[in-house]
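Peer 1: Dropping a prediction and its sequence here:
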Amino acid sequence: MTKAAGFYNTLLQGDDPALVVECLNGYRSKEQMPANIGTFTTPLGVPEVVEEGSDITIVSYGSTFNLCVQAAAILRESGVSAELIDVQTLIPFDINNSIVESLKKTNKVIFIDEDVEGGTTAFMMQQVLQKQGGYYFLDSAPQTLAAKDHRTAYGSDGDYFSKPSVDDIYDAVYGMMHEYSPEEFPM
């Protein structure tokens, strides 16, 4: 929610219409409130590389990004070095091509979101692979992980079965690593 405040402050300084999507799960988490809550800003279109890695690039935002952080810790125990990128804004999207820079290093990418298949994950993949030329750097097929194709259940227990979970993220990323190097990452 602190990030959301930074976006609000940035947008209020401009004249353009905008939309900030606050993730409901953000209200369940606790974070330190900054002393300058009404004045600090967050740049638009600049993803944040939250964790450096060398094996695979994990791209997400919002509620599913917090799950990606948890999954990356478990993946690390399995020998997978994941680079975690929080997209933060969809429009504008990655104006400095940060995700392609990560892809040059890892050569593998997965896009994770709680939207429906073909939704935001497909948008992010199209932006990175097609518009920014990221497909030149791929050593394996890019993947997306989205919500199940049904109405989202209410509550955090329903989230586990409807939206990507830490287990789903781990399985998808480890599966990609196994496909790339079965000897190094056995099933």
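Peer 2: Here it is on my side, so go on. Numbers count the residues shown, from 1 in each chain.

Peer 1: tell me what the helix or strand residue 65 falls within is packed against?
Peer 2: Element membership of residue 65, judged by DSSP states H and E, is helix 62-77. The contact analysis (3 or more Cβ pairs under 8 Å, 6 or more residues apart in numbering; DSSP states H and E) places helix 62-77 against strand 48-51, strand 56-60, strand 82-86, strand 109-112, helix 166-180. Glycine gets a C-beta too; all of them are placed from N, C-alpha and C.

Peer 1: Which strands and helices lie in contact with the second one?
Peer 2: This means strand 56-60. For strand 56-60, the packing partners by 3+ Cβ pairs under 8 Å, 6+ apart are helix 62-77, strand 82-86, helix 98-106, strand 109-112, helix 166-180.

Peer 1: Quick one: closest of these to residue 131.
Peer 2: Closest to residue 131 of the helices and strands packed on strand 56-60, according to Cβ to Cβ: helix 98-106, at 9.8 Å.

Peer 1: Which pLDDT value goes with the closest residue in space to residue 65 that isn't next to it in sequence?
Peer 2: Leaving out its chain neighbours, the residue that sits closest to residue 65 by Cβ to Cβ, 6 or more residues apart in numbering is residue 86, at 5.1 Å. At residue 86, the model reports a pLDDT of 96.

Peer 1: Could you give the number of residues near residue 86?
Peer 2: Residues within reach of residue 86, counting by other Cβ atoms under 10 Å, total 19.

Peer 1: now residue 13
Peer 2: Residues near residue 13, counting by other Cβ under 10 Å: 8.

Peer 1: Any figure for the gap between it and residue 41?
Peer 2: 7 Å (Cβ to Cβ, to the nearest Å).

Peer 1: May I ask which helix or strand encompasses the nearest residue to residue 95 once chain neighbours are set aside?
Peer 2: Distances taken as Cβ to Cβ, 6+ apart place residue 45 nearest to residue 95, at 3.8 Å, with adjacent residues excluded. Under DSSP H and E, no helix or strand contains residue 45.

Peer 1: Check which residues of the helix holding residue 65 are buried.
Peer 2: 62, 63, 64, 65, 66, 67, 68, 69, 71, 72, 75 (16 or more other Cβ atoms under 10 Å).

Peer 1: Outline the domain layout of the protein.
Peer 2: Domain assignment for the chain, taken from automatic domain parsing, gives 1-42, 43-180.

Peer 1: Can you convert the ones you listed into CSV and add a column each for distance to residue 186?
Peer 2: Output for the domains of the chain, formatted as CSV (distance: least, Cβ to Cβ, whole Å):
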stretch, distance to residue 186
domain 1-42, 34
domain 43-180, 7
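
Peer 1: about what we covered before: so what sits against both of residue 13 and residue 41?
Peer 2: Counting by Cβ atoms under 8 Å, 6 or more residues apart in numbering, no residue touches both residue 13 and residue 41.
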